[in-house]
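In: sequence and predicted structure, then a few things I'm wondering about:
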Amino acid sequence: MMALAYRLLTACLLSAMACGVAGVVVSPSCLADESTPVSAVSRVEVVLANEYRNQVAALKEEFAQAGMPNVHFQFAKRGQPPQNIGVGRDVPADKAREAIRLALKYNLGVGILLPERLFPPRFITIASSNYDDTVEYPIDGAALAKLQNPDLTTEEFHRLYKEFTSVTLVPKGRY
């Protein structure tokens, strides 16, 4: 699939360059194959407690049923992974709510939001240990409930998400 996309992009770019030399205006639609559907969520990365290690097939199925088929799992060797979630800026609100639901189910809660500026547009991370307290925004149950509101449009969801991840963070002593 990636090889096909690479060949298509290369062909479009070469034809665009040739047309540019000839003085022909090129439509940007050539750069995207309109017959290929674009997934609402490009990738989901999840870290779970070791107790879920033998349930990967069932977990993948549950994420796929939630509309997130490209999911990758890692397992903490000991203890519970961080209770955080990060959502890219173009993730539809319904998929973001599903990710929150799954994080609550498998990670014992969500207490930290990671700002969307850290991620590709259609990316979700659950329980990542790749981030420190300089980009961790604590969230309480009431604020999380606002994000889970099914009436929020995608734009409203991301406006609220940005609001929760835009407050000034006070360093916790390590920095």
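Out: Done, it's in. Values in this document were obtained by computation on a predicted structure and should not be read as measured data.

In: all helices for the chain, in order.
Out: 2-22, 56-65, 93-106, 141-147, 154-164 (DSSP state H).

In: would you mark the buried spots in the shortest one?
Out: Right, the one you point to is helix 141-147. Of the residues in helix 141-147, L144, K146, L147 count as buried by neighbour count, 16 or more other Cβ atoms under 10 Å. Using the backbone N, CA and C atoms, a C-beta is placed for each residue, glycine as well.

In: likewise the second one?
Out: Of the residues in helix 56-65, L59, K60, E62, F63 count as buried by neighbour count, 16+ other Cβ under 10 Å.

In: just to check, the first one is in contact with F75?
Out: So that's L59. No. Contact criterion Cβ atoms under 8 Å: L59 and F75 do not qualify, at 10.6 Å.

In: overlap of the contact sets of those two?
Out: L48, Y52 (Cβ atoms under 8 Å, 6 or more residues apart in numbering).

In: what's the neighbour count on the closest residue to D90 other than its chain neighbours?
Out: In this structure, D90 finds its nearest non-sequential neighbour in P121, 3.8 Å apart by Cβ to Cβ, 6 or more residues apart in numbering. Neighbours of P121 under the rule other Cβ atoms under 10 Å: 10.

In: ok, now how distant is P121 from N149?
Out: 22 Å (Cβ to Cβ, to the nearest Å).

In: again with E116
Out: 18 Å.

In: cool, P138 as well?
Out: Separation of P138 from N149 (Cβ to Cβ): 20 Å.

In: stretch 156-170: end-to-end distance?
Out: Using Cα to Cα, to the nearest Å, one end of stretch 156-170 lies 27 Å from the other.

In: give me the buried positions along that stretch.
Out: F157, H158, L160, Y161, F164, T165.

In: straight-line length of stretch 62-78, end to end?
Out: In stretch 62-78, first residue to last residue: 24 Å (Cα to Cα).

In: give me the residues contacting that stretch.
Out: So stretch 62-78 is contacted by 39-50, 52-53, 56, 59-60, 94-95, 98-99, 101-102, 124 (Cβ under 8 Å, 6+ apart).
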